[in-house]
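Chemist: This is a predicted model, with the sequence first.
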Amino acid sequence: MQPGEPRRHAAILERPTLVLNRSWMPVHVTTVRRALCMVFRDAARIVAPDTLATYAFDEWIELESPPTPVFVRSPSIQVAVPEVIVLMHYDRVPCHEAPFTRRNLFLRDEFTCQYCGKRGAVERLSVDHILPRSRGGKTTWENCVLACVVCNARKGDRTIKEAGFRLLRPPVRPRWTPYLTLRPNQRLESWSRFAPESRRRQHGTF
């Protein structure tokens, strides 16, 4: 085994896998490790995103050309990493609202200043109250946006109109989605077939 191989395999096992319910609606994002366990126990099947064919564990490891070039290996077998699985018996869809937290606000606004459009790291962004708290503004989804350090300093204790600012988009209260804990760059391209970005934007989700 090459140096660093165990660490690389561990990282692959922690990669995200989209979980669909029996109606093929996204309900969760789990790890590759957990997804393979569910498929091995026949609680789920692996979905090939390009063809929508589904596979049991034995069928999946016998594929000559799996739809992903990433594998986890053991001394006896190698298994292509599943990007999407579908549950065999679960029909429900979580429908509760996303809790208002600093992390979720960063995810909603995609680490982007809502005034100038500049993307940045956490330390370069802050939470701005559209209606300042000194004027009765509340800490809510509809009154809070991300702002870069420069825009936040320029706006100060003023309203958007007073500061001459415009929002990139209206701040909305997002619904819960299975992508709640993921940054946009962590979502796999193959998932778009099951949850297009345009649909999430239309409904105010992450």
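Modeler: Arrived safely, thanks for sending.

Chemist: Only C-alpha atoms from now on, for both contacts and neighbour counts.
Modeler: OK.

Chemist: low-scoring stretches of the chain, by residue?
Modeler: Residues of the chain meeting the criterion pLDDT under 70: 1-6, 93-97, 176-184, 195-206.

Chemist: Spit out the contact partners of Glu162.
Modeler: Glu162 sits next to no residue when contact means C-alpha atoms under 8 Å, 6 or more residues apart in numbering.

Chemist: no wait, Val81
Modeler: 12, 32, 68, 70-72.

Chemist: repeat that with 6 Å
Modeler: 70-71 (C-alpha atoms under 6 Å, 6 or more residues apart in numbering).

Chemist: any idea how far it lies from Val29?
Modeler: 14 Å (C-alpha to C-alpha, to the nearest Å).

Chemist: cool, and Gln78?
Modeler: 23 Å.

Chemist: Please say which of those two ends up with more neighbours.
Modeler: Val29 (23 against 13; other C-alpha atoms under 10 Å).

Chemist: Which helix or strand contains the more buried one?
Modeler: Using DSSP states H and E, Val29 maps to strand 26-31.

Chemist: Which residue ranges make up each domain of this protein?
Modeler: Annotated domains of the chain cover 5-87, 102-163 [automatic domain parsing].

Chemist: Serialize these to a markdown table and add fields for distance to Val172.
Modeler: Converted to a markdown table, the domains of the chain look like this (distance: least, C-alpha to C-alpha, whole Å):
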| stretch | distance to Val172 |
| --- | --- |
| domain 5-87 | 21 |
| domain 102-163 | 5 |
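
Chemist: Strands along this structure, start to end?
Modeler: Along the chain, counting by DSSP state E, strands occupy 16-20, 26-31, 44-47, 54-55, 71-73, 78-80, 84-87, 125-129, 144-148.

Chemist: Looking at the ones you listed, which is nearest to Leu105?
Modeler: In terms of C-alpha to C-alpha, the element of these nearest to Leu105 is strand 144-148, at 7.3 Å.
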